[in-house]
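Q: Pasting a predicted model and its sequence here:
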Amino acid sequence: MATRSQSFPRLPADANAAAPAGARSSTASAREIVPVARAGSVLDLVGNTPLFEITRLTAGLIPAGVRIFAKLEGFNPGGSVKDRPARKMLEVGVAQGKLKPGKVIVDSSSGNTGIALAMLGAVLGYPVELVMPSNVSRERKKIVEAFGARIHYSDPMEGSDGAIVMCRRLIEQNPGRYFKPDQYNNEANALAHFETTGPEIWRQTRGRVTHFVAAIGTGGTVMGTGRFLKSKNSAVRVIAVEPDDPMHGLEGLKHMASSIVPGIYHEQELDDKIAVGTEDAYAMVYALGRTEGVLVGQSSGAAMIAALKVAQSIRQGTVVTVFADFGEKYLSTNLWIGWQQWRHERLQQVIAR
Amino acid sequence: MAVRVRVPTPLRRFTAGVDEVSADGTSIKAVIEDLERRHPGIRERLLDEKGDIRRFVNIYLNGDDIRFLDAINSKVKDGDQISIVPAIAGGR
């Protein structure tokens, strides 16, 4: 493992608005978001995702003065928005001396964070162990294993809270062995979005963003991005999206009232919360694929429904949401079971509401 | 026909926090109707407006996904074990 880099390279071009000019990499001369053309590490490829305008699906459904954009987070190297907090949590862990050679990275994750940690652990040279309920999608298990991580399975009947509890037990049994990024309680999670997602959206909309809509799993995206945007313009409205019932099928999302509330989630900072039904979100996923040519996961469907509702409630503005990942890794899940018979009537109902 | 039904965390608010309950019925459909009598509100979480199993709910009969048996009409017998499992794990 001696050849592996244990250090964090500089952030990619323009990824951090607050970074001093000297700390930026050489491609950072333009004000626009410039994708990294060459990279020496996947760490350099995190962030700087495209801002995609939704126009076809929304034609005739939203006022002329309103635009909807989505950050396509599937363009991150690990395939999801979770690369951002994972990178930041490991970076802060190393800086604080908590993550050092000999430690094993451990966390509970039903998917994308686990994938991000497994990928980053591989490149940084740390073993990774993940606790996940045994009913997470097959693709996710395989991706994590492909990066060399070890999986501990928790009881699917206990959901993500069961994985959290099992992870705590693992650490108690062997306290010195692990570094736990703890995405639910680590402020570096929200900080990643304050430093990257927020500034990117601000620049990509040229400061015109009026509403930020994001689904909540840990709350990191909505908290960190929201805080940054409000620091630039206190009139920006920050709206969280959650499942409409504790029993739901929106992988990655949490129904806050019935869950262990993450320590980094501060509801008082939100301007509003929108509840979305699973079946409506599924219908939106099908519609996005067939009208925009963008195949996303179910949480993006939920985010889009909420963004559409916000757009329909205003006369003028720029609504930005986050599509947390692309859809390939859900093809074996319930999202795509029997969808063809079902999608048409449902979407009409969703849009009519 | 008495069967045991394992209940996932998000549905335990209907079963006073209990993770396994008993119910009667000769089919999954009948068992769900009986569950609704004993734990009002639970059916709506399992079945959609048309009475089909919700798309994000998986029901296992002795370990087999009922979608690959006779779906909601799958026959059950005394002592069978039914598990209701949300399709997702929640949290990232």
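A: Now that the structure is in, tell me what you want to look at. Worth saying up front: this structure is predicted, and the values here are computed from it rather than measured.
Q: right, is stretch A:268-283 up against chain B?
A: Yes: Stretch A:268-283 is in contact with chain B by C-beta under 8 Å from any C-beta of the partner chain, via A:278-279, A:282. Where C-beta positions appear, they are placed from N, C-alpha and C, glycine not excepted.
Q: Find the closest residue to chain B in the stretch 201-350 of chain A.
A: At 2.2 Å from chain B, A:Gly249 is the closest residue in the stretch 201-350 of chain A, using C-beta to the nearest C-beta.
Q: OK, contacts around A:Gly198?
A: The neighbours of A:Gly198, taking C-beta atoms under 8 Å, 6 or more residues apart in numbering or on different chains as the test, are A:224-229, A:232.
Q: so how far is A:Val241 from it?
A: 17 Å (C-beta to C-beta, to the nearest Å).
Q: Give the helix, strand or coil label for A:Lys141.
A: Secondary structure, DSSP: H, G, I helix; E, B strand; the rest coil: A:Lys141 is helix.
Q: I'd like to know how many residues surround it.
A: By the criterion of other C-beta atoms under 10 Å in any protein chain shown, A:Lys141 has 18 neighbours.
Q: Up against chain A, what does chain B have?
A: By C-beta under 8 Å from any C-beta, the residues of chain B that approach chain A are B:6-11, B:13, B:19, B:45, B:48, B:54-58, B:67, B:83, B:85-92.
Q: give me phi/psi at the closest residue in space to A:Gly219 that isn't next to it in sequence?
A: Nearest non-adjacent residue to A:Gly219, counting by C-beta to C-beta, 6 or more residues apart in numbering or on different chains: A:Tyr265, 3.3 Å away. Main-chain torsions, A:Tyr265, degrees, to the nearest 10: phi -90, psi 120.
Q: give the contact list for A:Tyr265.
A: By C-beta under 8 Å, 6+ apart, the contact list for A:Tyr265 reads A:216, A:218-219, A:223, A:256.
Q: Just the buried subset of these, written out for ChimeraX, thanks.
A: Listed next is the ChimeraX selection for buried residues among the contacts of A:Tyr265, using 16 or more other C-beta atoms under 10 Å in any protein chain shown:
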select /A:216,218,219,223,256
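Q: quick check, nearest of the contacts of A:Tyr265 to B:Gly79?
A: Taking C-beta to C-beta as the measure, B:Gly79 sits nearest to A:Met256 out of the contacts of A:Tyr265, at 38.8 Å.
Q: what sits against the closest one?
A: A:Met256 touches A:216, A:242, A:265, A:267, counting by C-beta under 8 Å, 6+ apart.
Q: pretty sure A:Leu130 is in a helix, no?
A: No: per three-state DSSP, A:Leu130 lies outside any helix segment and is strand.
Q: Tell me the confidence at it?
A: A:Leu130 carries a pLDDT value of 95.
Q: Give me the below-cutoff pLDDT ranges for the chain.
A: Went with chain A since none was named. Within chain A, the stretches with pLDDT under 70 are A:1-35, A:110, A:340-353.
Q: my bad, chain B
A: Within chain B, the stretches with pLDDT under 70 are B:88-92.
Q: residue boundaries of the helices in chain B?
A: With DSSP state H, the ranges of helices along chain B come out as B:28-38, B:42-46.
Q: Of all these, which one is nearest B:Lys77?
A: Comparing the helices of chain B under C-beta to C-beta, the one sitting nearest is helix B:28-38, at 11.2 Å.
Q: list the buried ones in that closest one?
A: Buried, per 16+ other C-beta under 10 Å, within helix B:28-38: B:28-32, B:34-36.
Q: can you check stretch A:87-102 too?
A: For stretch A:87-102, a neighbour-count test (16+ other C-beta under 10 Å) marks A:87-94, A:99 as buried.
Q: which residues touch it?
A: A:6-8, A:43, A:46, A:105, A:116-117, A:120-121, A:124-126, A:179, A:181-183, A:186, A:188-189, A:191-192, A:195.
Q: and chain B, which of those residues contact it?
A: Filtering the contacts of stretch A:87-102 for proximity to chain B (criterion: C-beta under 8 Å from any C-beta) leaves A:Gln183.
Q: Quick one, which of the contacts of stretch A:87-102 are buried?
A: Buried by 16+ other C-beta under 10 Å: A:8, A:43, A:46, A:105, A:116-117, A:120-121, A:124, A:126, A:179, A:181-183, A:186, A:188-189, A:191-192, A:195, out of those.
Q: Next one: the residue of chain B found nearest chain A from A:Val319, what distance?
A: Closest to chain A within chain B is B:Phe56: 2.2 Å, counting by C-beta to the nearest C-beta. From B:Phe56 over to A:Val319 the distance is 27 Å, taken as C-beta to C-beta.
Q: now swap in A:Asn174 and tell me
A: In terms of C-beta to C-beta, A:Asn174 sits 47 Å off from A:Val319.
Q: Mind checking which of the two has more residues around it?
A: With neighbours defined as other C-beta under 10 Å, A:Asn174 and A:Val319 compare such that A:Val319 has more, 29 against 10.
Q: show me where the stretch 1-150 of chain A has helices.
A: A:83-95, A:112-124, A:138-146 (DSSP state H, counting those that start in this stretch).
Q: Could you export the second one as CSV, keeping only the C-alpha atoms?
A: The C-alpha coordinates for helix A:112-124 follow below in CSV (Å, rounded to 0.1, in the frame of the first residue of the first chain):
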residue,chain,number,x,y,z
ASN,A,112,-24.6,5.7,-1.7
THR,A,113,-22.6,6.8,1.3
GLY,A,114,-21.3,3.2,1.6
ILE,A,115,-20.3,3.3,-2.1
ALA,A,116,-18.5,6.7,-1.6
LEU,A,117,-16.7,5.5,1.5
ALA,A,118,-15.7,2.2,-0.2
MET,A,119,-14.3,4.1,-3.2
LEU,A,120,-12.5,6.7,-1.2
GLY,A,121,-11.1,4.1,1.3
ALA,A,122,-9.7,2.1,-1.7
VAL,A,123,-7.9,5.1,-3.1
LEU,A,124,-6.7,6.4,0.3
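Q: now that helix, how far from the chain's geometric center?
A: 14 Å (C-alpha atoms, centre = their mean, to the nearest Å).
Q: Give me the neighbour count for A:Ala86.
A: Applying other C-beta under 10 Å, we find 32 residues neighbouring A:Ala86.
Q: All set, thanks.
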